[in-house]
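1. Quick one: sequence and predicted model below, then my questions.
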Amino acid sequence: MHNGNGTIEVRDIRLQGEDSTNLRGELVASLTRPSSFRSIPSILLWDDRGQELFEDIMDCPQYYPFRAELALLSGYSDQMVIATGQSRLIIELGAGYVFHFSSQCFFPCIPSPGK
C-alpha cells in the first residue's frame, strides 16, 4: 500500500523479529478495528516449518490453485488496478507464498501518486 510518501509498503512480521508482546498488541489492535479492517497476522497461522511444507505442496503439479491464482493475477492485474481507482489497498488473502509473485503483477501497474 502507498504509505503517504509515494512508496509502497510491504510488511512481513516474520522478518521483523517481532516478540510476543508486540505480536499480541498488534493482534489485539487488529481485531478491535471496525469489522472490515480486521485481520490475523499470518505468523499466527504458520510457523516456518509449516510455511515450508505448504510451499512444497504448492509446487506439486496436483496443486492447481496457486497456478490458477497467479494466472488470473498476471492476466488481469492491470484491469484490477484501474477498477480500484485512486484509493487502493491490496491485501494478499492467499497463502502468502503467492505474494512475491502477485506483487510482481500488481506493483508495476500501480501509477505513482499524482499520475
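-> All right, it came through fine.
2. Pretty sure residue 46 sits in a helix.
-> No: secondary structure assignment (DSSP: H, G, I helix; E, B strand; the rest coil) places residue 46 in coil, not in a helix.
3. Quick one: classify the spatially closest residue to it that is not a sequence neighbour as helix, strand or coil.
-> Leaving aside its sequence neighbours, residue 46 sits nearest to residue 54 (C-beta to C-beta, 6 or more residues apart in numbering; 6.8 Å). C-beta: built from backbone N, CA, C; applies to glycine. Assigned state for residue 54: helix (three-state reduction, three-state DSSP).
4. For this protein, give me the ranges with low pLDDT.
-> Low-confidence segments of the chain (pLDDT under 70): 1-21, 42-43, 87-115.
5. For it, which segments count as helices?
-> Remark: helices of the chain, listed N- to C-terminal, are 20-31, 48-59, 65-84, 99-106; assignment by DSSP state H.
6. okay, the ones you listed, which one's buried deepest?
-> With neighbours defined as mean count of other C-beta atoms under 10 Å, those peak in mean count at helix 99-106, which reaches a mean of 16.
7. quick one on the thing from earlier: so which of the helices of the chain is nearest residue 41?
-> Nearest to residue 41, of all these, is helix 20-31, at 6.3 Å by C-beta to C-beta.
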